[in-house]
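**Q** Here is the input, now give the coordinates:
(2 chains)
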Amino acid sequence: MVRDSVMRERAETLLRSVPGRFGSVLHSERVAARLGMWLGISFTVAFATGLFSHFMQHPPGRLSWPSRPVGLYRVTQGLHVIGGLATIPLLFAKLWTVYPKLWQWPPFRSLSHAVERGLVLVLVGASLFQLITGLLNISYVYLWPFSFPVAHYWTAYLLYGALIIHVVNEWAKIRRHLWTREQVDPRETVTARRRFLGTVAAASGLTVLFTVGETYAPLSRLALLAPRDPHVGPQGLPVNKSAAAAGVTTVIHDPGYRLTVTGAVRTPLSLTYDDLLRLPQHTVRLPIACVEGWSAEAEWSGIRLRDLAALAGIAPDAILTVESLERGGGYRSSEVRPPHWNDPLTLLALRIGGAPLAPDHGFPVRLIAPNRPGVLQTKWVTKVVAA
Amino acid sequence: MNARRLLRCVNARRLLRCVNAPGLLRCVNAPGLLGYGIGGGLIITGLAGLLVDARHSDPLGWALWFGGLVVAHDGVLVPLVLLVGVAVGRLRTPSWVRAGLIVAAVLSFVALPMVTGLGRRADNPSLLPLDYGRNLLVVLGLVALVTAVAAIATRLRRRRG
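**A** Numbering: from 1, shown residues only, chains lettered A, B, ... in the order given. Here you go, the predicted structure:
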């Protein structure tokens, strides 16, 4: 019995001493506060741009978003993905800095302390989940049983909720360390801290430098570690879903192909590919901007969607649904709301850079519109339904 | 009970509620309570969404990934980094080399899924179109070069100064 209690006491002393054994001066509140501020900013940007992208794809009710500025979605989604990559070094640095606190003993001093630590677990888990599965997702490695967009969307609420609570709990420390000049620390500590924060910032910056070219063309030659090159693909343009993956390789070359315009129309239309070529053609330069963060600009030619709507006698406030030859898949059709289909830049495109669309780019006809996620730029279009 | 801390809260006139638990005294003001409300609301929204949309979110698979990543990070990755840190400390590595190692490790981590090429698909050569193994080596070479130049320059300057 006596030996038992001695052992327990020794174990207790050992456990209590664990956090103190981390010798680096960088395991400090001041470093954690600075990294925390950077993380707070980047997670706020990611949450805002992520919600923007979500509601662009799933607009609530009859709300619609504007079709201009043309490149808005390209910028917000680039910020979301490239900014997310830049956050990875910040998160690792922050978790390393506060790691000794994981081993605090006793683990829970009170009920409120237990709740606080539970919420920190939610914050850490959700942060790791969003960044690591996000990185794997843009690398096309899908090792999970869940739908990535659904899991990513709901986990974002967990993350941001736990982040707000964490900021409230740590507010006194944030004020103390970010609003006051460093005077008390010895010079070596200040130097070590600056060096460490500088290194983390450099890691973050270099991650951006070697990936951002997948959406910002002037830096495309530096995009050594990006999952896409905006110049590589059929007709010099990347592809997300190929004709083979969509199962449309034969049906798109069927001579019986027709583009039909139906629903709330005065004159239903049924047009062959040659009919479409005889309609007035327009050429626009528009980016295709993917939810995965890459984007590429191309010169598209074809017929304006609003010209086709006028031909069929569709009311200007109608909602159009563009349907693909693809049989299944989450993106076989997409809704085009009035601001988009009335925009003269919105085309049913037949050509890229003067040549007929490659099968992977949606031959015979695809939708291309400004300020719109790539998954909604429906390919292999065969039907336009007005409602 | 820590009377002085409680008094400070009262003096600040921002006090709505003080939680006094053993070893923990925290004063929560009105913006703080609002933060708890919004934060708690967001967390509940997220959990509810994951459960309601269970067909797509696969809560069990989600929980395994969520917990698995925490365990892999806290139980494997950080201990490894700490071991390397101890070794680097023992070797009295110059600070520039430490910085270079951190940057190289982070860039390798970000590039890893692409280097493995697990996401490649035969029908779509525009996915992962680059030679990522070679590119990572180029990037690491650049990092090593800059690190070496900086370390040598620092040493020379110190010798002269």
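**Q** quick check: mean pLDDT across stretch A:298-310?
**A** Stretch A:298-310 carries an average pLDDT of 98.
**Q** now do stretch A:221-232
**A** 97.
**Q** Could you confirm whether that stretch reaches chain B?
**A** Yes - part of stretch A:221-232 sits close enough to chain B to count as contact by CB under 8 Å from any CB of the partner chain, namely A:224-229, A:232. Any C-beta I mention is one placed from the backbone N, CA and C, and that applies to glycine too.
**Q** Of all pairs in those, which one is the farthest apart?
**A** Pairwise distances across the residues of stretch A:221-232 next to chain B (CB to CB) peak at 14.8 Å, for the pair A:225 and A:232.
**Q** before we move on, the earlier item: so can I have a markdown table of the residues of stretch A:221-232 next to chain B showing distance to residue B:86 and secondary structure?
**A** Below are the residues of stretch A:221-232 next to chain B laid out as a markdown table (distance: CB to CB, whole Å; DSSP: H, G, I helix; E, B strand; the rest coil):
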| residue | distance to residue B:86 | secondary structure |
| --- | --- | --- |
| A:224 | 32 | coil |
| A:225 | 29 | coil |
| A:226 | 35 | coil |
| A:227 | 35 | coil |
| A:228 | 39 | coil |
| A:229 | 41 | coil |
| A:232 | 44 | coil |
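**Q** Can you pull up the most central residue in chain B?
**A** residue B:73 (9.3 Å; CA atoms, centre = their mean).
**Q** Work out for me the element the closest residue to that residue other than its chain neighbours sits within.
**A** Nearest residue to residue B:73, sequence neighbours excluded (CB to CB, 6 or more residues apart in numbering or on different chains): residue A:128, at 5.7 Å. Assigned by DSSP states H and E, residue A:128 belongs to helix A:111-138.
**Q** Repeat that for residue A:300.
**A** Per DSSP H and E: strand A:295-304 holds residue A:300.
**Q** Put the alpha carbons of that strand into CSV.
**A** Provided in CSV are the C-alpha atoms of strand A:295-304 (Å, rounded to 0.1, in the frame of the first residue of the first chain):
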residue,chain,number,x,y,z
SER,A,295,-8.4,28.7,-63.4
ALA,A,296,-7.5,29.3,-67.0
GLU,A,297,-8.6,31.8,-69.6
ALA,A,298,-9.7,31.0,-73.2
GLU,A,299,-11.3,32.5,-76.2
TRP,A,300,-14.7,31.0,-76.6
SER,A,301,-17.0,31.4,-79.7
GLY,A,302,-20.7,30.5,-80.0
ILE,A,303,-24.2,31.8,-79.7
ARG,A,304,-25.3,34.1,-76.9
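**Q** Export the next helix or strand after it to PDB, keeping only CA atoms.
**A** Reading on from strand A:295-304 to the C-terminus, the next helix or strand found by DSSP H and E is helix A:305-312. Output of helix A:305-312 as PDB, limited to C-alpha atoms (Å, rounded to 0.1, in the frame of the first residue of the first chain):
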ATOM      1  CA  LEU A 305     -27.700  32.300 -74.500                       C
ATOM      2  CA  ARG A 306     -29.900  35.400 -74.500                       C
ATOM      3  CA  ASP A 307     -30.200  35.300 -78.300                       C
ATOM      4  CA  LEU A 308     -31.400  31.700 -78.100                       C
ATOM      5  CA  ALA A 309     -33.800  32.700 -75.400                       C
ATOM      6  CA  ALA A 310     -35.200  35.600 -77.500                       C
ATOM      7  CA  LEU A 311     -35.600  33.200 -80.500                       C
ATOM      8  CA  ALA A 312     -37.700  30.900 -78.300                       C
END
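**Q** Understood, closing this out.
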